[in-house]
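> Sequence first, predicted model second:
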Amino acid sequence: MLSYRHSFHAGNPADVIKHLVLAQVLEYMTRKDKPFDYIDTHSGAGLFELAAKDAQKTQEYLEGIAKLWAYAGQVDAIRDYVGVVKSLNQDTLAYYPGSPKVAEQFLRKQDKGWFFELHPQDLKLLEKNTGHKRSLRVKGEDGFKGLMGLVPPQSRRACVLMDPPYEIKSDYEVAARSIIKAHKRFASGTYMIWYPVVERARIDQMEQTLIESGVRNIQLFELATEADTEERGMTASGMIVINPPWTLKATMDEVLPELVQHLSSETGFFRSEQLVAE
């Protein structure tokens, strides 16, 4: 259960769509002065050195952030996302931020960040990478359960990122059910579920669970670097967003064709859908 290390996958195309959507949601949250809580249920180490052994073993970042490092296109959201990554680097791409470090770029002194991680090595790294700010709280606990203890937040404003490793196949169902349960306690929060497409049927089931839950205003954004396959391995990934910013759908309609052009093979595609109406 604790074998997954994101250090092998940092900066890949799945991270690109995950962190680009996250940055869009967080930027929107900061448009009001009122404080908000950011809850990250499966945080990982927080920051990854791309010259390290794990990242070099797979070099997945070469298929993701490295292809966008010199992005000169017209889509502001892509430029903004690359700018977040560049803010943690010098002239060259040496580090890639996990979701805690992406979030830290947006969280203000009045906001709170809550980060959950169970892997003992990643937990130590996460504490090191977030320990300089008292408003960032790290917990070595199960994020599925930890989320329930934080909603509704005292601030009455929150966004949640849930991106379990999905090593255990029940994670797909647990993620959907956990978000539905949290939404019942705090219906105005923005909830993001990241998912990998390894078996399309599992994503179809996750979507159906959410559609049938009675939760309103659900959008889905998916980036496929290649067509679905029966072979082993992830071909696509996406973000399901409940109560998204009103700006997000139009932004992603611009972003996703551009990401397909830069990151996908000839069989790649994208999805940008309103799964459930407001």
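Looks like it came in fine. All of these numbers come straight from a predicted model, not from anything done at the bench.
> tell me the SS of Leu161?
Of the three states, Leu161 takes strand according to DSSP: H, G, I helix; E, B strand; the rest coil.
> same question, Ile78
Quick answer, by three-state DSSP: Ile78 is helix.
> which ones are touching it?
Neighbouring residues of Ile78 by C-beta atoms under 8 Å, 6 or more residues apart in numbering: 20, 68, 71, 255, 258-259. Quick note: C-beta positions are derived from backbone N, CA and C, even for glycine.
> closest to Glu127 among those?
Leu20 (26.4 Å; C-beta to C-beta).
> show me what contacts that closest one?
So Leu20 contacts 77-78, 81, 255 (C-beta under 8 Å, 6+ apart).
> Could you report the pLDDT at it?
With respect to pLDDT, Leu20 scores 98.
> Can you name the next helix or strand after the host helix or strand of it?
In the assignment (DSSP states H and E), Leu20 maps to helix 13-29. Sequence-wise, the next helix or strand downstream of helix 13-29 (DSSP H and E) is strand 37-40.
> what about the closest residue to Asn243 other than its chain neighbours, distance to Met239?
Of all residues not flanking Asn243 in the chain, Thr190 sits nearest, at 4.7 Å (C-beta to C-beta, 6 or more residues apart in numbering). For Thr190, the distance to Met239 equals 11 Å [C-beta to C-beta, to the nearest Å].
> So between those two, which is more surrounded?
A count of neighbours by other C-beta atoms under 10 Å puts Met239 above the other of Thr190 and Met239, at 27 against 22.
> any idea how far the nearest residue to Ser87 once chain neighbours are set aside is from Val276?
Closest residue to Ser87 apart from its sequence neighbours, by C-beta to C-beta, 6+ apart: Gln105 at 6.5 Å. Distance of Gln105 to Val276, computed by C-beta to C-beta: 30 Å.
> Just the buried ones out of the contacts of Ile78, please.
20, 68, 71, 255, 258-259 (16 or more other C-beta atoms under 10 Å).
> Cross those residues against helices and list the overlap.
Within the buried ones among the contacts of Ile78, residues falling in helices by DSSP state H are 20, 68, 255, 258-259.
> any idea which of those residues is the one closest to Leu147?
Leu20 (22.7 Å).
> can you map out the helices along this structure?
With DSSP H as the criterion, the chain has helices spanning 13-29, 53-58, 65-68, 76-86, 99-104, 120-130, 143-148, 171-185, 200-211, 248-263.
> and among the ones you listed, the most buried is which?
helix 99-104 (a mean of 26; mean count of other C-beta atoms under 10 Å).
> who touches that helix?
If you take C-beta under 8 Å, 6+ apart as the criterion, helix 99-104 is touched by 18-19, 22-23, 26, 38, 40, 43-44, 46-47, 84, 88, 113, 115, 126, 129-130, 133, 136, 161, 163.
> Same question for stretch 181-191.
By C-beta under 8 Å, 6+ apart, stretch 181-191 touches 25, 29, 147-148, 151-153, 156-160, 162, 179, 213, 215, 241-245.
> Filter those down to the buried ones and hand me the ChimeraX line.
Filtering these down to the buried ones (16+ other C-beta under 10 Å) takes a single ChimeraX command:
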select :25,29,147,151,153,157,158,159,160,162,179,213,215,241,242,243,244,245
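> before we move on, back to that, okay, Gln105 and Val276: which has more neighbours?
Val276 (18 against 15).
> Next one, pLDDT for the more buried one please.
Val276 is assigned 98 on the pLDDT scale.
> Before I go, just wanted to say thanks for your time.
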